[in-house]
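Asker: sequence first, then the predicted structure, then my questions.
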Protein chains: 2
Amino acid sequence: MSDTVKPRIFKGLQDLMPQQVLARQWMIDRVRAVYERYGFVPLETPAIEYLEVLTGSAAGEEAARSLFTVRNPDRIHSPGRDALGLRFDLTVPLARVVAQYRDLPRPFRRYQVATVWRADKPDPGRFREFTQFDLDSVGVASEVADAEIIAGMCDALAALGVDYRVRFSSRALLNLLLDYAEIPRRQGSDVFRVLDKLDKKGIDKVRLELQGGYRDESGDEVAGLGLAAAQVELIERFLAIRAPQREEVIGQLRELFSGLEHAAAEIDVVARIAGHLSALGYDDRQAALDLSIARGLAYYTGPVFEAVLADAPQFGSVFGGGRYDFLVERFSGQKVPATGASMGVDRLLAALEHLGRLPAKKATAAVLVTVFDRALESEYLAMTYELRRAGIPAELYLGSAGRVGKQLKYADACGIPLCVIVGPDEHQRQEVQIKDMGVGKRRSEQVQEREAWLEERPGQRRVPRSELVATVRRMLAVIAGEER
Amino acid sequence: MSDTVKPRIFKGLQDLMPQQVLARQWMIDRVRAVYERYGFVPLETPAIEYLEVLTGSAAGEEAARSLFTVRNPDRIHSPGRDALGLRFDLTVPLARVVAQYRDLPRPFRRYQVATVWRADKPDPGRFREFTQFDLDSVGVASEVADAEIIAGMCDALAALGVDYRVRFSSRALLNLLLDYAEIPRRQGSDVFRVLDKLDKKGIDKVRLELQGGYRDESGDEVAGLGLAAAQVELIERFLAIRAPQREEVIGQLRELFSGLEHAAAEIDVVARIAGHLSALGYDDRQAALDLSIARGLAYYTGPVFEAVLADAPQFGSVFGGGRYDFLVERFSGQKVPATGASMGVDRLLAALEHLGRLPAKKATAAVLVTVFDRALESEYLAMTYELRRAGIPAELYLGSAGRVGKQLKYADACGIPLCVIVGPDEHQRQEVQIKDMGVGKRRSEQVQEREAWLEERPGQRRVPRSELVATVRRMLAVIAGEER
């Protein structure tokens, strides 16, 4: 056919194969269980939103650059205020929902797991379509809500079996730092954006960028913010506050900012969060007060949080958030306090895969019923449904029949652990053969024990037809025990 | 603030509130369990695809009209072959994946649950963004695969607790009908599109549309296909074949088409599907051979299936599909047999809601820990985490504290069944009060029994602090028993 279409996907997008989807589903189910144990409720919003909802009335330029725009089918020419785009996060749609439905219970504590889109140039590991898993409390000013978000981050990561470090700080502390270093508040977001690079670029480059700028490895000019050396020195004094204990950090902070008005009240905020975390049993390794974190997003107004994996810090922040008390105001004109965090599902999955912490499951079927003889098709079908109805995930081989060897290879490629084989002989004797696909591949001590238990040809077992379900169940239990 | 943005969503899109998402999640989990029991594996593909992938090299006009197009950020002006759009179904992306990844196991039996978009004018209950839940077998020519898809439709609907009717037929039978009525094959898709309206419009209007056309209620001209009365009469003879038994339908078909070459082979196909279904125990009520179904989509080549709810037929087809042996060829140039079905999650949810079959759960929390006295905040936090760590979903009231009445109202609005109340008195005596929010609302016999069990003020129970978790667990068990 000459007019075939080339099968391809757009740069920065990805197809997820069964093993990846099963791992992702495992992850989402575990995290969802934690969020639901916290009593957060799920929300779903459309992927398509009005562009002005996504970018806001002002300050939306940055967001607009990384937006995928969608043609409005009702206003194809000059859509104006009715222009559409794909959401780039789940926080802005949440703010829109809170402003739109005035009868929502307050506090509104919701979780949402969904796809978001960003049109920026893709990098390896940085996709244009990816999944976020957010939890937020809207309508709550109390620091208990912030502490709960941090605890939720800890518990979600613990549920995935990884060693994590949640770090928190506060935009308000950074604002105090501006006052302390005599930097005008309006320069704040520029300064914070530079400080946010501390982990990635190191203190030397950050220092240069805060002052006169520098030329990077590839020869590009990195513009400086033009701060004075004395100002940067004060910033570094702040960043030097590092201590293993949250309480110690707070003590040093109080000392550093002792001359500043309002400082005590802002330090009390993080002190209360630290106190709640201690009361709940989250230690300083699990949730550290770390003044070096800033979080890039402009809408944060108070506490900010982020998490890295202790064994895979190179993946950066896999889970981050903060308090954003003015986002709803953009829509409603009323200030509504809000705090939350967003898990980067794809990045975290990549990190877990790197750490070998993902379940290796490729198949959903536990048994493949092979087709030895077309004439016995109805018997194969019957066995398949007998297994399924007993709750055992079973697949009937649907390819062209005949060579059982090819079918066993298929089971192997799919990762299906057991195969059922019935030829005319077995059928006549009312027997079935069940083959354990794992045996012969690994000949560990456990496998040898299993062989002894099977009392037959390694990995192959012949039983009466009537014992099919019971035997499969027992063999699967043995395999599950081995894998544990 | 003068420059607030109006919070609104685009026409045809919807926000799903917690109760709706919980119901949808329940549905998806149940259906997924069935598909996995069948050994289908999950796949995920991007929402954004190249337009040419979605519409194909030819015949894509109809699809193109209902596509949302997305601006390609890498080719903003004249994207040409790199134009992008949002997927309108999950079948085309599956065909693309099968053609693109040659090393996928064959047969490839996959399920996918995902959002799709159609730009057509929305109606009540017809959205522009909705969820499909598909299962497909690719690379399988055998009718066992078709029978398995039909069985999967039956089992998925049964798992949702509804009475369903799956109906199946075959495009090949309709092609035989064309020959029988001496209608050229190239007119087939037009004829089938008209026949597909049989359920909705009735035989009289279909008859007129097959011949000279008619003017509908609103005065619009409905063009006719120009068939002769004698041809329509033959079509009606075919449609008149209705019988409660699949075998009987097949017998009448053989009789009607006895003069046609190739008829026997095509009738054998549906006869084999019917035979497999009988062998698996699906009766004629569950899966009927119904010659009146045609399915609109042009890409079907063989058996077609659809399901309606017996108690809510007005919702139409909630689950439909068929065999499409040429879809992969569009990409690979090679014929790859394929068959599958797609569940319309939103329409089915609407139908289940109409039937009162959805779980009424609004909250994920089973307990609200109220805040009677700010001074006891750390005690409330501790109780909340004690419950959570015991696996009981618990929420700490995070709104402004003080009036417990307001907090009880909040629990009620959220659908949280139990509230924990601890004031200074209880705290001093190391006691907790637990309030059952359901009591007092319904005073059924069961509720009165529960009150007797509680041995106290209806719905209120005071126990030692140390018995909090155990008592909550017992009260929840009683409530669950009542609701069953």
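Answerer: All right, it came through fine. Residues are numbered from 1 along each chain as shown, chains lettered A, B, ... in the order given.
Asker: quick one, what contacts the residue nearest to A:Ala288 when sequence neighbours are not counted?
Answerer: Nearest non-adjacent residue to A:Ala288, counting by CB to CB, 6 or more residues apart in numbering or on different chains: A:Arg167, 5.1 Å away. For glycine as for every other residue, the C-beta is placed from the backbone atoms N, C-alpha and C. Applying CB atoms under 8 Å, 6 or more residues apart in numbering or on different chains to A:Arg167 gives the contacts A:Ala287, A:Ala288, A:Leu289, A:Asp290, A:Ile293, A:Phe305, A:Glu306, A:Ala307, A:Val308.
Asker: dump those residues into TSV; add neighbour count, distance to A:Gly281 and pLDDT as well.
Answerer: Below are the contacts of A:Arg167 laid out as TSV (neighbours: other CB atoms under 10 Å in any protein chain shown; distance: CB to CB, whole Å; pLDDT from 0 to 100):
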residue	neighbour count	distance to A:Gly281	pLDDT
A:Ala287	26	10	97
A:Ala288	22	15	96
A:Leu289	26	16	96
A:Asp290	19	20	94
A:Ile293	23	23	87
A:Phe305	29	18	96
A:Glu306	24	21	95
A:Ala307	27	17	97
A:Val308	21	21	95
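Asker: from those, which two are the most distant?
Answerer: Greatest spatial distance among the contacts of A:Arg167 (CB to CB): A:Leu289 and A:Val308, at 15.0 Å.
Asker: ok so, going back, in helices, which of the contacts of A:Arg167 appear?
Answerer: Judged by DSSP state H, helices contain none of the contacts of A:Arg167.
Asker: which one of these sits closest to B:Ala279?
Answerer: Among the contacts of A:Arg167, A:Ala307 lies closest to B:Ala279 (CB to CB), at 53.9 Å.
Asker: just the pLDDT for the nearest residue to that closest one once chain neighbours are set aside.
Answerer: Spatial nearest neighbour of A:Ala307, chain neighbours left out: A:Phe319 (4.0 Å); criterion: CB to CB, 6+ apart. A:Phe319 carries a pLDDT value of 96.
Asker: who are the contact partners of A:Phe319?
Answerer: A:Phe319 makes contacts with A:Met153, A:Ala156, A:Leu157, A:Val166, A:Phe305, A:Glu306, A:Ala307, A:Ala341, A:Ser342, A:Met343, A:Gly344, A:Leu348, as judged by CB under 8 Å, 6+ apart.
Asker: do the same with A:Pro417
Answerer: If you count contacts by CB under 8 Å, 6+ apart, A:Pro417 has them with A:Ala363, A:Ala366, A:Val367, A:Asp436, A:Met437, A:Gly438, A:Leu476, A:Ile479.
Asker: that one and A:Leu173, how far apart?
Answerer: Distance of A:Pro417 to A:Leu173, computed by CB to CB, to the nearest Å: 54 Å.
Asker: could you do A:Glu386 as well?
Answerer: Applying CB to CB, the value for A:Glu386 to A:Leu173 is 65 Å.
Asker: now A:Ile183
Answerer: As judged by CB to CB, A:Ile183 and A:Leu173 stand 14 Å apart.
Asker: following element in sequence after the helix-or-strand element of chain A with minimal mean pLDDT, please.
Answerer: In chain A, the helix or strand scored least confidently by mean pLDDT, DSSP states H and E is helix A:445-454, which has a mean of 56. As assigned by DSSP states H and E, the chain's next helix or strand after helix A:445-454 is strand A:460-464.
Asker: would you mark the buried spots in that following strand?
Answerer: Neighbour counts over strand A:460-464 (16 or more other CB atoms under 10 Å in any protein chain shown) mark A:Gln460, A:Arg461, A:Val463 as buried.
Asker: same deal with stretch A:404-412?
Answerer: Neighbour-count burial for stretch A:404-412 flags A:Val404, A:Gln407, A:Leu408, A:Tyr410, A:Ala411, A:Asp412 (criterion: 16+ other CB under 10 Å).
Asker: next: stretch A:245-258.
Answerer: By neighbour count with 16+ other CB under 10 Å, stretch A:245-258 contains the buried residues A:Arg246, A:Val249, A:Ile250, A:Gln252, A:Leu253, A:Leu256, A:Phe257.
Asker: again, but for stretch A:93-112
Answerer: A:93-100, A:104-112.
Asker: can you give me the mean pLDDT across that stretch?
Answerer: 94.
Asker: return that stretch as PDB; C-alpha atoms alone will do.
Answerer: Presented in PDB, the C-alpha positions along stretch A:93-112 are these (Å, rounded to 0.1, in the frame of the first residue of the first chain):
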ATOM      1  CA  PRO A  93      -7.600  24.000  37.800                       C
ATOM      2  CA  LEU A  94      -8.100  23.300  41.600                       C
ATOM      3  CA  ALA A  95      -8.100  27.100  42.300                       C
ATOM      4  CA  ARG A  96     -10.600  27.500  39.400                       C
ATOM      5  CA  VAL A  97     -12.900  24.800  40.800                       C
ATOM      6  CA  VAL A  98     -12.800  26.300  44.300                       C
ATOM      7  CA  ALA A  99     -13.700  29.700  42.900                       C
ATOM      8  CA  GLN A 100     -16.400  28.300  40.600                       C
ATOM      9  CA  TYR A 101     -18.300  26.000  43.000                       C
ATOM     10  CA  ARG A 102     -19.100  28.100  46.100                       C
ATOM     11  CA  ASP A 103     -20.900  25.200  47.800                       C
ATOM     12  CA  LEU A 104     -17.900  23.000  48.000                       C
ATOM     13  CA  PRO A 105     -17.300  21.900  51.600                       C
ATOM     14  CA  ARG A 106     -14.500  24.100  53.200                       C
ATOM     15  CA  PRO A 107     -11.900  23.000  54.000                       C
ATOM     16  CA  PHE A 108     -11.700  21.200  50.700                       C
ATOM     17  CA  ARG A 109      -9.000  18.600  50.900                       C
ATOM     18  CA  ARG A 110      -8.600  16.900  47.600                       C
ATOM     19  CA  TYR A 111      -6.200  14.600  45.700                       C
ATOM     20  CA  GLN A 112      -6.000  14.400  41.900                       C
END
